[in-house]
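starting from these lines, generate the structure:
(one chain, ligands or ions: 2)
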Amino acid sequence: MTPSHPVTEDVPSSDIGVTMTAPQLGVVHHGDGPLLVLAGAGSGKTASIVTRAGRMINEGVIPEHHLMLTFSKKAAEEMRNRLDGLVGNALSDRMQIRTFHAFGDQFKFIFYGLTNTQQLHRENSPT
Ligand SMILES: Nc1ncnc2c1ncn2[C@@H]1O[C@H](COP(=O)(O)OP(=O)(O)OP(=O)(O)O)[C@@H](O)[C@H]1O
Ligand SMILES: [Mg+2]
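Residues are numbered from 1 along each chain as shown. Ligands and ions are numbered 1, 2, ... in the order given. The predicted structure follows:
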């Protein structure tokens, strides 16, 4: 995923307005099923993921069906900002772009009705 080896195929909806590398395009155009990407710092991971999401939105995947999780609030904010620029706030606001922790917290609330201050216990855990 090295940005220094661009390929000729442009992705017009690239979030960074540059020609993406072949591995990045592989991420952008990957179809159904899981895809594991191992890539170093600053190699263009977020650009690939954001452009992939933009491609899927363009192809009609409804925004609410996107779930994009990352570890830090800063990284989640960055993903959201870059998606804002790519697909516009009206669509990106409908997408789930969060930290793993925020999503877990939301999940806990939706499925168990628990708030931040309450603990989620496994059903078989001792009381
Ligand atoms: N194909 C490319 N050609 C030129 N520049 C690129 C390309 N892909 C990404 N970049 C640029 O490289 C920088 C890092 O990109 P990006 O933030 O997507 O990488 P990252 O792997 O998510 O980084 P981090 O490890 O910090 O999260 C950005 O400035 C981005 O615009
Ligand atoms: Mg990143």
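
and residue 19, what are its phi and psi?
Note on residue 19: backbone dihedrals following degrees, to the nearest 10 are phi -80, psi 130.

ok, it to residue 25 distance?
As judged by CB to CB, to the nearest Å, residue 19 and residue 25 stand 9 Å apart. (Each C-beta comes from the backbone N, C-alpha and C, glycine too.)

ditto for residue 96
25 Å.

same question, residue 34
Applying CB to CB to residue 34 and residue 25 gives a distance of 18 Å.

local confidence estimate at residue 11?
The per-residue pLDDT reported for residue 11 equals 43.

with residue 106 instead?
We note a pLDDT of 84 for residue 106 in this prediction.

OK, now which residue of the protein is nearest to ligand 2?
residue 46 (3.3 Å; CB to the ion).

okay, now that residue: neighbour count?
Residues near residue 46, counting by other CB atoms under 10 Å, number 17.

between residue 34 and residue 25, which one's more packed in?
The residue with more neighbours, out of residue 34 and residue 25, is residue 25; 19 against 5, by other CB under 10 Å.

report pLDDT for that one.
What the model reports as pLDDT for residue 25 is 93.

how close does it get to residue 84?
Taking CB to CB as the measure, residue 25 falls 23 Å from residue 84.

likewise for residue 105?
23 Å.

all strands for the protein, in order.
67-70, 96-99 (DSSP state E).

turn those strands into a markdown table, columns for mean neighbour count, distance to ligand 2 and mean pLDDT.
Listed next are those as a markdown table, based on neighbours: other CB atoms under 10 Å; distance: least, CB to the ion, whole Å; pLDDT from 0 to 100:
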| stretch | mean neighbour count | distance to ligand 2 | mean pLDDT |
| --- | --- | --- | --- |
| strand 67-70 | 16 | 8 | 96 |
| strand 96-99 | 19 | 13 | 95 |
